[in-house]
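Q: Output the structure for:
(2 chains)
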Amino acid sequence: MAILIVADHDNHILQAATFSVLTASSEIVKHIRDTELHLLIIGDECQSVVAMAQGITGLSKILVADHQIHQYPLAENIAPLIVSLVQVQSRCSDGNKAFDKKQYSHIMTSAGTAGKDYQPRVAALLDVAQISDIISVESADTFKRTIYAGKAIATVQSSDAIKVLTVRSSAFTAASLTTELLAIESQVPVVALAAQADSGKSAFIKAELTQSSRPELTTAKIVISGGRGMQNTDNFELLYTLADQLHAAVGASRAAVDAGFVANDLQIGQTGKIVAPDLYIAVGISGAIQHIAGITGSKVIVAINNDPDAPIFDAADYCLVADLFEVLPELIAVLKVKD
Amino acid sequence: MKILVAVKRVVDHKVNVRVKADETGIETANVKMAINPFCEIAIEQAVRFKEQGSVDEVVLVCIGPKEADVQLRAGLAFGADRAILIRTDEEVQSLDVAKILHKIVQEELPDVVLLGKQAIDTDNNQTGQMLAALTNMPQGTFASNIVFTVPNTVKVTREVDGGLVILALSLPAVITVDLRLNIPRYASLPNIMKAKRKVITMTSPGSLGVSLSPRLTTLKVESPPVRQAGVKVADVAELVDKLQLQAKGI
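A: Residues are numbered from 1 along each chain as shown, chains lettered A, B, ... in the order given. Purely as a prediction, here's the structure:
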C-alpha cells in the first residue's frame, strides 16, 4: 500500500500547495509502516514539473500522465485516471469485476478549486467517503477539519479502506524541496502512464486568469486585504503599493468582490481562500464570521477600520481605529523610508 | 427541459452556532433552520431559466426530517413547480446523499441538476461532484454563469483559483453554483400562498432502495482556540513599532 499525492501545477512549476500536502502525507506515514509516497502529475507538456518533482526527498515514484487531453484539468478525465491507478482489477470466476486489490490507502491533494472539483468524483467512483479540507492528521484514519465556517472543529474517523482527502495547504508547513540537480541514480524514478481517451462529456473553452507577480494568497507570508471600506477599484492601488513594498499577497472580503472592486479569486473566507500568513492586515473589512473563518490561522492579525465596533477588532491582535485613506499613505511612506 | 434542484436544510447562517458542552456536536435544539444559502442561489437560477422560457419544469428535492417541508415550501414560493422530500431523521453523509439523488435522477430524468457548491454546516463541497460521478454526467462546479447553447450543451463559467474558466458540458449535466451567480429573490405573498397548494411528494431512502451507510464517525466537535484580546494602537508609528518589536511581522 502507498499514498498517492496528486500534484498541483501549471504545466511549468509545481505549486507550493503540493509541498504542504507532502507534509500532511509524511504525518500519515508516521502512523503506517512500510508505506511509500507516490506523486501523480497530470498535465500537458509538463516535463519541467516532473524534473522539479524528481528532487523531492521521500518520494518513491512519480507517475506522469502527460497528454493533450489534460491541457486543462477536467474532472471527467482526471477521476477515472486516478481510479484506474488505485484499483488493480481482478475478476471473479463468474466474470464480474471484483475490486479486491487496492494500490493506495490514501489519495491526497490540496483543497484548491481543482482538488475540490475532482476528489469527490474520485471518492464516489471508489464508493468511499471524501474528507474535505483537513487541518490536521491525528492518525492514518482520523483527521481534523473545520465545520460551520470555522466556528467548530470536528475530529472525523474514516472506516473506508481508501481515504480520499483534500488538504488545507495553509494548515501544513510546506516540505522543503531539494533544489539542486540530483545525480541520476538519486532522482525519483518516473513512470509514464498510457494515454487515455477523452470523456467527450466536457470541453475546456477558455480561461480568464488574473496575471499577478505577487505571491499566491494561500502560501504568502504576508497578506493585505481590503473590504467594502476601500470604496472602489482605484483605491485598491493603495493596497497593491503597500503589498509590493512588503512582498505581500493581496486579498479581499466578499463584500469587496461582490462590489466588483477585485476579481473573485482574491476572496478570503469560508467559501473563498483560507489563508494562514505570518501577518494578516485587514483594511476596511468589517469582519463577518465568514471572513474570519478564512483568516484565523494567521499568526498576527492587524485590523484597520474607522468603525470602533467592527467585529474584525475581536479577531485582531493589533487594532487601529482610523481612516484607512490616512493610514495607508502614511504606512507606505514609513515603509519607504525604512527601505 | 427539466431542472432538478437539491435543497439542504441547515442552521440559519445568522445563528451564532455553539458547540455542545459534551463536544459531541453543535447545539441544534431550538435553533432557526433555513435553506442553505448556496441552494437558494440554485433555486433562484432554475426559476429564472423557467421565467425566461428555457426550462419547463423545476423540481426541488430535499433529504431531511419532516420539518424540512418548511424549506421546500419556501423554495416552491420562489416559483419551483413541485418538490420531493426524502424523509429521514438520520445523519446522511455526502456519499449517501449522492446515492439518493442518483435514484431521483433516474426517476425524474432531468436535463440539469443544480446544487449549491457547499452547505454552510458541514462545509464539505462534495455532493454535486459525487452525484456527477454516480450518474456519469459531466460536472460544472462553482458556477458564476450558466448559458444553454445548441446542440444540447451548457456553457458554465467557473470561479477557480486564479480567475475564471469556461467549460462546455453536454447535457444532462450536474452544476454546482457559487455566490456570484445571482442574488435570490424574496418570495412575494401571492407566491407564498400559491406554494401552499403545490405538491410535495414524500418518500424515504429505504423505499428508493438506498440503505444509509455512514463511513465517517465524528469523534469530537470542539470550539476553535480563542484568540487573545487585541491591543489598540494609536497611530501608524505605534503599529509599525509593535509589529517590529513584538511580532517581528515586518
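Q: what helix or strand is the closest residue to residue A:130 other than its chain neighbours on?
A: Once flanking residues are discounted, residue A:130 sits nearest to residue A:123: 3.7 Å by Cβ to Cβ, 6 or more residues apart in numbering or on different chains. Heads up, the C-betas are built off the backbone N, CA and C, glycines and all. For residue A:123, the element it lies in under DSSP states H and E is helix A:113-125.
Q: How far off centre is that helix?
A: Offset of helix A:113-125 from its chain centre (Cα atoms, centre = their mean, to the nearest Å): 14 Å.
Q: Stretch B:99-113 too?
A: 16 Å.
Q: Could you do stretch B:101-121 as well?
A: Worked out by Cα atoms, centre = their mean, stretch B:101-121 lies 10 Å from the chain centre.
Q: list the buried ones in it?
A: Neighbour-count burial for stretch B:101-121, with 16 or more other Cβ atoms under 10 Å in any protein chain shown as criterion, is recorded at B:101-105, B:108, B:110-121.
Q: Which entries in these are shared with the contacts of chain A?
A: Restricting those to those touching chain A (Cβ under 8 Å from any Cβ of the partner chain) yields B:117-118, B:120-121.
Q: now the helix holding residue A:123: mean pLDDT?
A: Helix A:113-125 carries an average pLDDT of 98.
Q: Now do it: which elements does it pack against?
A: helix A:75-86, strand A:104-110, strand A:130-137, strand A:163-167, helix B:94-108, helix B:127-135, strand B:139-149, strand B:153-160 (3 or more Cβ pairs under 8 Å, 6 or more residues apart in numbering or on different chains; DSSP states H and E).
Q: what would these look like in TSV with distance to residue B:6 and mean pLDDT?
A: Listed next are these as TSV, based on distance: least, Cβ to Cβ, whole Å; pLDDT from 0 to 100:
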stretch	distance to residue B:6	mean pLDDT
helix A:75-86	18	96
strand A:104-110	25	97
strand A:130-137	17	97
strand A:163-167	21	98
helix B:94-108	6	98
helix B:127-135	7	98
strand B:139-149	13	97
strand B:153-160	17	96
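Q: ok, now which ones touch the closest residue to residue A:15 other than its chain neighbours?
A: Residue nearest to residue A:15 in three dimensions, not counting chain neighbours: residue A:8, with 4.2 Å by Cβ to Cβ, 6+ apart. Applying Cβ atoms under 8 Å, 6 or more residues apart in numbering or on different chains, one finds that residue A:8 lies in contact with A:14-15, A:17-18, A:21, A:109-110, A:112, A:114-115.
Q: What of residue A:256?
A: A:226-228, A:230, A:262, A:266, A:285.
Q: swap in residue B:76?
A: B:60, B:82-83, B:195, B:198, B:200.
Q: try 6 Å
A: Contacts for residue B:76 (Cβ atoms under 6 Å, 6 or more residues apart in numbering or on different chains) come out as B:83, B:195, B:198.
Q: Can you list which of those residues are found in strands?
A: Taking DSSP state E, the ones among these that sit in strands are residue B:83.
Q: nearest spatial neighbour of the residue most central in space within chain B, skipping sequence neighbours?
A: With distances taken as Cα atoms, centre = their mean, residue B:116 lies nearest the centre of chain B, 3.2 Å away. The shortest distance from residue B:116 to any non-neighbouring residue, by Cβ to Cβ, 6+ apart, is to residue B:38 (2.5 Å).
Q: re earlier: ok, of the ones next to chain A among the buried residues of stretch B:101-121, which one's closest to residue A:105?
A: Lowest distance from residue A:105 to those (Cβ to Cβ) belongs to residue B:118, with 26.4 Å.
Q: How about the closest one, nearest residue that isn't a chain neighbour?
A: The spatial neighbour of residue B:118 that comes closest, neighbours along the chain excluded (Cβ to Cβ, 6+ apart), is residue B:125 at 3.9 Å.
Q: As CSV, the ones next to chain A among the buried residues of stretch B:101-121 with pLDDT would be great.
A: Output for those, formatted as CSV (pLDDT from 0 to 100):
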residue, pLDDT
B:117, 97
B:118, 96
B:120, 95
B:121, 95
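Q: Now render these as TSV, adding secondary structure.
A: Output for these, formatted as TSV (DSSP: H, G, I helix; E, B strand; the rest coil):
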residue	secondary structure
B:117	coil
B:118	coil
B:120	coil
B:121	coil
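Q: Can you tell me which of those is closest to residue B:167?
A: Once Cβ to Cβ is applied, the member of those that ends up nearest residue B:167 is residue B:117, at 14.8 Å.
Q: isn't the closest one right next to residue B:179, touching?
A: No: if you go by Cβ atoms under 6 Å, residue B:117 and residue B:179 don't touch, sitting 8.5 Å apart.
Q: Pull the number of nearby residues for residue A:66.
A: Using other Cβ atoms under 10 Å in any protein chain shown, residue A:66 has 18 neighbouring residues.
Q: For it, list the residues it contacts.
A: residue A:46.
Q: Quick check: beta-bridge partners of it?
A: residue A:43 (DSSP bridges).
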